[in-house]
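Peer 1: have a look at this prediction, sequence included:
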Amino acid sequence: MAFDNLLVTGGCGFIGSNFIRTLLEKAGFAGRVVNVDKLTYAGNPENLSDLEKRFPGRYVFLREDICGLERMDAIFTEYGIDAVCHFAAESHVDRSIKRPAEFIFTNIVGTFNLLEAARNHAEGFRLFHHVSTDEVYGSLGKEGLFTETTPYKPNSPYSASKASSDHLVRAYFKTYGLPVTISNCSNNYGPWQFPEKLIPLITLNALEGKPLPVYGDGRNVRDWLYVEDHCEAIWTIMNKGRRGETYNIGGNSEEENIAVVHGICDILDEIRPRSGAGPRRELITFVKDRPGHDWRYAIDSSKLQSELGWAPRESFRTGLRKTIRWYLENSQWVSRVQSGEYLKWIDEHYGSGGK
Ligand code: NAD
Ligand code: DAU
C-alpha cells in the first residue's frame, strides 16, 4: 500500500526518529513524512538534523502538541495527510509513577485528537497505525507469553494510559470504520535512546564510573528488541497488516535485568577498559524496587511472523554490542543530552514551548 503524506507523531523521540530514518533511507518510501513533535525532554530534533537537506521536500518537521485538536485538524488539511504512524507519548514508567498527569493528556487525549482529525478527513484516508506496548497486558509469571488475545491488565499509570489509547483506536475501527492497525511491542534498545531507560543509563554510568542502579533483586525479565527490527515490523504491518488487527512484536530475547547490566559491564571492560580500577560489575548497586514493578514480559509474535513474514534480524548479543559502540562513537550527542544543551538549542530555534 502506498501512502503519499504520512504523519509521524513523536518523530524526534527514540523509536520515531529511527522509524523516519528507516523509511527515508532504507524502506523505499516514496512519499512525504510530516513529523509532528512537541519536543518534550525526550524529543531531540538533532536526531534527524540531516534529513531536511538530504531529502528536500520529503521531510517536514512541525513542532506541535498532539493535545491541540484544532492544530492537528489543520495539519491534516494543509498536508493532505492520508496515513498516520502514531508514536508520540510520554514513555517512561518511572516518570508516570511520579507525575501521571502528562501521561493522561498526551497518551489518551492526544491519541483521541489524532483519531478525531483522521475521522474528520476520512475521505482518502488510508491508515492510522498506533504504536503501543506489551505493558498493557500486565505481568507474566515464570511461564507463558503475551499473545494478541491476552486480557489487558496494565499496572502503571503509563501502561494504563497506553491501554486506554489502544481501546480508543480499536473503537474508532469498530464504530466509524476508520482503517487502523495496532502493534504492541516489547522493550526496545539501540541508537538515540534517551539515557533514562535501562540500557543507555547503565552504559553511560558505567563509562563514567558511576553507580549502576538495579531495581529490587534484578531478576525482572524483559524481552529485548533492537529498534531497527521494531521499525521494520511497524512498516510491514502498515503495508500488509489486516485493518482492525493487533500484532505483537517481540525479540525472542528474554533477559533478566541483572544479566543485561552484567553484559554491558563486560562489553565495556573489553572495549574501553578502566585504568587503575576493577571490573565495572563492582559499580552495581541494588536500589529500592519500582512500585508495582512488572516481573516478566515476553512476547509471542508468531501472528506477525506467520501472517506477514516479519522476523527480528538482530540477536541481543550483537545488538547490545552495536548499541554500546553507538554511544561511544556519539559522545557529542551524549554530552549535549546529558548537559541539557539540546534543550537550550531547542528553545533558541523553536521558542520555549516544550517542557
Ligand atoms: P520517547 O519518549 O523517546 O519519544 C516520545 C516522543 O513523543 C518525543 O519526541 C516527545 O517529544 C514526543 N511527544 C511527547 N508528548 C507529545 C505531545 N503531547 N505532542 C507531540 N509530541 C509529543 O518514546 P519512545 O521510546 O520512542 O516510544 C515511542 C512510542 O513507542 C510510544 O508510544 C511508546 O509507548 C511506544 N513503545 C516504546 C517502547 C520502548 O521500549 N521504548 C516499546 C514499545 C512501545
Ligand atoms: O515493554 C515495553 C516498554 O519498555 C515500553 O512501553 C516503555 O516505553 C519503555 O520505557 C520500557 O519500559 P520498562 O519499564 O521495561 O523500561 P526501563 O528501561 O525503564 O526498565 C527496564 C527494566 O530495568 C525494568 O525492569 C526496570 C529496570 N531498571 C530500570 C532503570 C531505569 C533498573 O533496574 N534500573 C534502572 O535504573
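Peer 2: Cool, the structure landed. Ligands and ions are numbered 1, 2, ... in the order given.
Peer 1: can I get stretch 63-79 in PDB? Just the C-alpha atoms.
Peer 2: Output of stretch 63-79 as PDB, limited to C-alpha atoms (Å, rounded to 0.1, in the frame of the first residue of the first chain):
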ATOM      1  CA  ARG A  63       6.800  21.500  16.500                       C
ATOM      2  CA  GLU A  64       3.200  20.800  17.700                       C
ATOM      3  CA  ASP A  65       1.400  19.300  20.600                       C
ATOM      4  CA  ILE A  66      -1.000  16.500  19.700                       C
ATOM      5  CA  CYS A  67      -3.200  17.700  22.600                       C
ATOM      6  CA  GLY A  68      -4.300  20.600  20.300                       C
ATOM      7  CA  LEU A  69      -7.200  19.200  18.200                       C
ATOM      8  CA  GLU A  70      -7.600  22.300  16.000                       C
ATOM      9  CA  ARG A  71      -3.900  22.300  15.000                       C
ATOM     10  CA  MET A  72      -4.000  18.500  14.300                       C
ATOM     11  CA  ASP A  73      -7.100  19.100  12.100                       C
ATOM     12  CA  ALA A  74      -5.400  22.000  10.300                       C
ATOM     13  CA  ILE A  75      -2.300  19.900   9.700                       C
ATOM     14  CA  PHE A  76      -4.300  17.100   8.100                       C
ATOM     15  CA  THR A  77      -5.900  19.600   5.800                       C
ATOM     16  CA  GLU A  78      -2.700  21.500   4.900                       C
ATOM     17  CA  TYR A  79      -0.500  18.500   4.200                       C
END
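Peer 1: stretch 78-87 near ligand 2 anywhere?
Peer 2: No: judged by Cβ under 6 Å from any ligand atom, stretch 78-87 and ligand 2 are separated, with a smallest distance of 10.4 Å. Glycine gets a C-beta too; all of them are placed from N, C-alpha and C.
Peer 1: now that stretch: mean pLDDT?
Peer 2: For stretch 78-87, mean pLDDT is 98.
Peer 1: so it, near ligand 1 or not?
Peer 2: Yes: shown here: stretch 78-87 in contact with ligand 1 (Cβ under 6 Å from any ligand atom) through residue 87.
Peer 1: endpoints of that stretch, how far apart?
Peer 2: Across its full length, stretch 78-87 reaches 21 Å between end residues, using Cα to Cα, to the nearest Å.
Peer 1: go on, stretch 86-102?
Peer 2: End to end - Cα to Cα - stretch 86-102 spans 17 Å.
Peer 1: centre of the chain versus that stretch, how much separation?
Peer 2: 12 Å (Cα atoms, centre = their mean, to the nearest Å).
Peer 1: how about stretch 247-257: buried residues?
Peer 2: 247, 248, 249, 250, 251, 252, 253, 254, 255, 257 (16 or more other Cβ atoms under 10 Å).
Peer 1: now do the contacts for the residue nearest to residue 299 when sequence neighbours are not counted.
Peer 2: The spatially closest residue to residue 299, leaving aside those adjacent along the chain, is residue 250, at 2.5 Å (Cβ to Cβ, 6 or more residues apart in numbering). With contact taken as Cβ atoms under 8 Å, 6 or more residues apart in numbering, residue 250 is in contact with 134, 146, 185, 186, 223, 225, 298, 299, 300, 301, 312.
Peer 1: what about residue 250, distance to ligand 2?
Peer 2: Going from residue 250 to ligand 2 by Cβ to the nearest ligand atom, to the nearest Å gives 9 Å.
Peer 1: returning to what we had before: now for the buried residues of stretch 247-257, which pair is the farthest apart?
Peer 2: 247 and 257 (26.2 Å; Cβ to Cβ).
Peer 1: phi, psi of residue 249?
Peer 2: Dihedral pair for residue 249: phi -130, psi 130, per degrees, to the nearest 10.
Peer 1: residues in contact with it?
Peer 2: Contact analysis of residue 249 by Cβ under 8 Å, 6+ apart lists 183, 184, 185, 186, 225, 230, 233, 234, 299, 301, 304, 310.
Peer 1: hey, what's it bridged with?
Peer 2: residue 185 (DSSP bridges).
Peer 1: and the pLDDT for it?
Peer 2: So, for residue 249, pLDDT stands at 98.
Peer 1: among the contacts of residue 250, name the buried ones.
Peer 2: Buried among the contacts of residue 250 (16+ other Cβ under 10 Å): 134, 146, 185, 186, 223, 225, 298, 299, 300, 301, 312.
Peer 1: nearest to ligand 2: which residue in the protein?
Peer 2: Closest residue of the chain to ligand 2, Cβ to the nearest ligand atom: residue 133 (3.1 Å).
Peer 1: count of neighbours near that residue?
Peer 2: 23 (other Cβ atoms under 10 Å).
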